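[1] A predicted structure for the sequence below; I have some questions about it.
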Amino acid sequence: MPRPRIFGYLAVLFALILTGFFIYSLTLVFNENITFSQIDLQQLSNFTFYAIAAPIGLVSMVVIGTGFWIGWTILAIKVVPPMPEIVEKKDFSKIKAFFMCIITLALGVLLIYGIYIRNFWALAIPAAAICIVILGAVFWVGIAIITTRSTLPEEKQKS
């Protein structure tokens, strides 16, 4: 088996195992009725808290900022009016882009405020979302590596 295909299988296996651990930990939390009120981020030193909060906050703000930028670009773009045959179709892209801008601004403000007051969920929700996205990307790349065909004919690969 070619080395890239082995790495593809390892990436898929790694992503599936970590996703399984993530889902298993969520079932543990809900089955044992663990309350997160016992986790007091106020007791952490400033250095420890910001060592955790800064990377999570920065990555989250980049994602939120990208969403706002996309919405703002859609709002600000000048579009040529469509041909008369296409006019009957309504275009709601500006309305959707406006709400996208409002929602991303609200999420950004909530994230900054949550980090400021050292709220557990302000760090937990973005961290979980980032982990899920990264694990999904690793899984997707692994599947892409496994399913990609070699471009060389069989005779040239052996030599």
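    Cool, got the structure. Numbers count the residues shown, from 1 in each chain.
[2] From here on, just use CA atoms for contacts and neighbour counts.
    Fine.
[3] got a list of what the residue lying closest to residue 10 once chain neighbours are set aside touches?
    If the residues on either side of it in the chain are set aside, residue 10 comes closest to residue 142, at 7.5 Å by CA to CA, 6 or more residues apart in numbering. Contacts for residue 142 were tallied using CA atoms under 8 Å, 6 or more residues apart in numbering; they are 7-12.
[4] For the residues you listed, give me a markdown table that also has neighbour count.
    Shown next, in a markdown table, are the contacts of residue 142 (neighbours: other CA atoms under 10 Å):
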| residue | neighbour count |
| --- | --- |
| 7 | 14 |
| 8 | 21 |
| 9 | 18 |
| 10 | 16 |
| 11 | 22 |
| 12 | 23 |
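[5] Pick the one among those closest to residue 55.
    residue 11 (24.0 Å; CA to CA).
[6] On the pLDDT front, check the closest one for me.
    Looking at residue 11, its pLDDT is 86.
[7] Equivalent analysis for the one 3 residues further on, please.
    Residue 14 is assigned 86 on the pLDDT scale.
[8] Next, count neighbours for it.
    16 (other CA atoms under 10 Å).
[9] Make 38 the starting number, not 1.
    All right, first residue 38 from here; so that's residue 51.
[10] gap between it and residue 58?
    In this view, residue 51 and residue 58 are 11 Å apart by CA to CA, to the nearest Å.
[11] again, but for residue 97
    23 Å.
[12] longest helix of this structure?
    Assignment by DSSP state H gives helix 83-113 as the longest helix of the chain.
[13] Buried residues, that one. List them.
    Neighbour counts using 16 or more other CA atoms under 10 Å place 90, 93-94, 97-98, 101-102, 104-106, 108-109, 111-112 of helix 83-113 among the buried residues.
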